[in-house]
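>>> No sequence on hand, only this structure:
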């Protein structure tokens, strides 16, 4: 490769769901790229066999199959409404094969450093004697790598664990367990502990809304998708959803949970059907903030204390991008500067995919983001005025209503409203015109709906052929 930095290739870093989405879009659009994956396999967070994977035995999707899958590649019909992590990883492998990107991914390619230079990027891959040079860089490596632990006075002499290292209920069996946190992973671990632990205590900083996975016999996200079709201002929608939650789920106080002091859309929801019921049954003891450790004693802000064998920190992750200059992404206060969490306000050779938290499918957002990047790059390559229009737009940075109104916390630093974000992405793609639906050479692409229909048709044919083979064999 030309060490001057002149190359037509982009580099996509990461082969989890976001990296796969970017690679698929770049491949179908005819944009040359390398996809570098640090681990020895794809799947990112969903692959427990790698150092990146964070799933545990009881991990299932918190959003339903229908509204999580990439729109051009639905989950198989025989998958349950909420697939397991094993089914998700199988799906991601099938996705990579379907779009021919499995052969375009370099495994065990650990990017140690990526530096922006005149004319592109210099990328140092661990174990390689010479750096690589690329025209541009797409960061899709995720942000769930460095566990965050609160600074609590004292020393706990029992066992401690971050939720990242949780794999099986056997780690909880026979122990007095305290779990810090009330996000999805924290609540999964707490629920798991009730079946095997001696005692279970959950520390919550504030009241949370616990949203069931089903309501009125339907997946919850399906109902939300239906109501989001209607143009209602966020403030009114927020009050309506909060009221509906109180009617159909009930007040937190009725279960023995602390009441939230905010509306339901002001935070990232916790999807858990059974936790409030287990609290009401006395199987989970809810506690406020932990204020001190003293040997095996855990003390809380209300003056109470418990003796514990294991403390689980389900307290999230530090947002760290170890191989690049973080000022490309965050300002001095740690707030994102990227337009739509994707586009640098100034540079046209640096993009992020999947650097976002939302109340919906991150995979679909990653696909939207990748399609916007491709549309912009193709328009720019053709010298079309739409590239200039978008360059002016992305100079606005991250100031958009999709990110407004959330409780100020580390958990919400990358938070965006899924529905508002997607509406913006679709409007922008529409404004790109043909550049949103054509390859670099001008070839028209099938719509996501047509491609999804083709995938399902092939599956039906394969299932039918397999059935005939089995029937013939019996004969």
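Cool, the structure landed. The model shown is predicted, which means the values in this text are computed figures rather than measured ones.

>>> now the residue nearest the centre of the chain: how far from residue 370?
What sits nearest the mean C-alpha location of the chain, by CA atoms, centre = their mean, is residue 362, with 4.7 Å. Using CB to CB, to the nearest Å, one gets 12 Å for the distance from residue 362 to residue 370. Every residue, glycine included, has its C-beta placed from N, CA and C.

>>> Equivalent analysis for residue 420, please.
Applying CB to CB, the value for residue 420 to residue 370 is 19 Å.

>>> who's more crowded, the two?
Neighbours were counted for residue 420 and for residue 370 using other CB atoms under 10 Å; residue 370 has more, 27 against 17.

>>> what helix or strand does the more buried one sit in?
Per DSSP states H and E: residue 370 is located in helix 362-381.

>>> and that helix, what other elements does it pack with?
Helices and strands touching helix 362-381, by 3 or more CB pairs under 8 Å, 6 or more residues apart in numbering; DSSP states H and E, are helix 17-29, strand 136-139, strand 350-352, helix 385-394, helix 418-431.

>>> close enough to count as contact, the residue nearest to the centre of the chain and residue 17?
Yes - taking CB atoms under 8 Å as the definition, residue 362 is a contact partner of residue 17 at 7.0 Å.

>>> burial count for residue 128?
Neighbours of residue 128 using other CB under 10 Å come to 12.

>>> and the next element down the chain from the helix or strand containing residue 279?
Residue 279 belongs to helix 275-280 when elements are defined using DSSP H and E. The helix or strand immediately downstream of helix 275-280 is strand 285-287, counting by DSSP H and E.

>>> Now do the buried residues in that next one.
For strand 285-287, burial by neighbour count (16 or more other CB atoms under 10 Å) applies to 286-287.

>>> What of stretch 428-446?
Using 16+ other CB under 10 Å as the burial criterion, the residues of stretch 428-446 that qualify are 428-429, 432, 435-438, 440, 445.

>>> I'd like the distance from stretch 22-37 to the chain centre, please.
Chain-centre distance of stretch 22-37: 20 Å, with CA atoms, centre = their mean, to the nearest Å.

>>> Check stretch 331-344 too.
Using CA atoms, centre = their mean, the offset of stretch 331-344 from its chain centre is 17 Å.

>>> how long is that stretch end to end?
With CA to CA, to the nearest Å applied, stretch 331-344 spans 12 Å between its terminal residues.

>>> go on, stretch 310-328?
Where stretch 310-328 begins and where it ends lie 39 Å apart, using CA to CA.

>>> and that stretch, average pLDDT?
Averaged across stretch 310-328, the pLDDT comes to 92.

>>> gap between that stretch and the chain center?
14 Å.

>>> Run through the strands of the stretch 51-200 of the chain in chain order.
Secondary structure of the stretch 51-200 of the chain (DSSP state E, counting those that start in this stretch): strands at 105-106, 111-117, 120-125, 132-134, 136-139, 146-147, 154-156, 159-162, 176-180, 199-203.

>>> can I get the buried residues of stretch 428-446 in JSON lines with pLDDT?
Formatted as JSON lines, these follow (pLDDT from 0 to 100):
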{"residue": "428", "pLDDT": "96"}
{"residue": "429", "pLDDT": "97"}
{"residue": "432", "pLDDT": "97"}
{"residue": "435", "pLDDT": "96"}
{"residue": "436", "pLDDT": "96"}
{"residue": "437", "pLDDT": "95"}
{"residue": "438", "pLDDT": "95"}
{"residue": "440", "pLDDT": "94"}
{"residue": "445", "pLDDT": "94"}
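
>>> any idea which of those is closest to residue 356?
Of all these, residue 356 sits closest to residue 428, with 15.5 Å by CB to CB.

>>> who's in contact with the residue nearest to the centre of the chain?
Contacts for residue 362 were tallied using CB atoms under 8 Å, 6 or more residues apart in numbering; they are 17-18, 354, 356.

>>> which residue packs closest to residue 143, ignoring adjacent ones?
Nearest residue to residue 143 in three dimensions, chain neighbours excluded: residue 319, at 5.1 Å (CB to CB, 6 or more residues apart in numbering).

>>> That neighbour: what's it in contact with?
143, 330, 334, 410, 413-414.

>>> where's the dip in pLDDT among the residues you listed?
Lowest in pLDDT among those is residue 410, which has 60.

>>> Tell me who's in contact with the residue nearest to residue 342 when sequence neighbours are not counted.
Of all residues not flanking residue 342 in the chain, residue 369 sits nearest, at 4.8 Å (CB to CB, 6+ apart). Residues in contact with residue 369 (CB under 8 Å, 6+ apart) are 21-22, 340-342, 351-354, 425.

>>> same check, this time on residue 188
Counting by CB under 8 Å, 6+ apart, residue 188 touches 56, 58-59, 272.

>>> wait, residue 272 sits on residue 184?
Yes - with contacts counted by CB under 8 Å, residue 272 reaches residue 184, the gap being 7.1 Å.

>>> who has more neighbours, the two?
Neighbours around residue 272 and residue 184, counted as other CB under 10 Å, are more numerous at residue 272. The numbers are 23 against 17.

>>> For residue 228, which residues are in contact?
residue 419.

>>> the longest helix in the chain is where?
Longest helix of the chain, by residue count under DSSP state H: helix 448-474.

>>> Next, the angle helix 362-381 makes with it.
130 degrees (axes from the mean of the first three to the mean of the last three CA atoms, to 10 degrees).

>>> which one of the buried residues of stretch 428-446 sits closest to residue 95?
residue 445 (16.8 Å).

>>> Quick check: closest non-adjacent residue to that closest one.
Leaving aside its sequence neighbours, residue 445 sits nearest to residue 437 (CB to CB, 6+ apart; 5.5 Å).

>>> List the buried residues for stretch 450-460?
Judged by neighbour count using 16+ other CB under 10 Å, the buried positions of stretch 450-460 are 451-452, 455.

>>> ok so, going back, reformat the helices and strands packed on helix 362-381 into TSV and put distance to residue 374 next to each item.
Output for these, formatted as TSV (distance: least, CB to CB, whole Å):
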stretch	distance to residue 374
helix 17-29	5
strand 136-139	10
strand 350-352	10
helix 385-394	12
helix 418-431	10
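
>>> So for residue 68, which of these sits nearest?
Here helix 17-29 is closest among the helices and strands packed on helix 362-381 (CB to CB), at 9.9 Å.

>>> Can you give the distance of that closest one from its chain's centre?
So, by CA atoms, centre = their mean, the centroid of helix 17-29 is 16 Å from its chain's centroid.

>>> tell me which strands and helices it is in contact with?
Against helix 17-29 (3+ CB pairs under 8 Å, 6+ apart) you get strand 10-13, strand 33-36, helix 85-98, helix 362-381.

>>> any chance of these in CSV, plus distance to residue 289?
Listed next are the helices and strands packed on helix 17-29 as CSV, based on distance: least, CB to CB, whole Å:
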stretch, distance to residue 289
strand 10-13, 37
strand 33-36, 41
helix 85-98, 31
helix 362-381, 29
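
>>> Can you say which of the ones you listed is packed in most?
strand 10-13 (a mean of 26; mean count of other CB atoms under 10 Å).

>>> in its sheet, what does that one sit against?
strand 33-36 (parallel), strand 136-139 (parallel) (DSSP bridges).

>>> State the mean pLDDT of the last one.
In this model, strand 136-139 carries a mean pLDDT of 98.

>>> Noted, bye for now.
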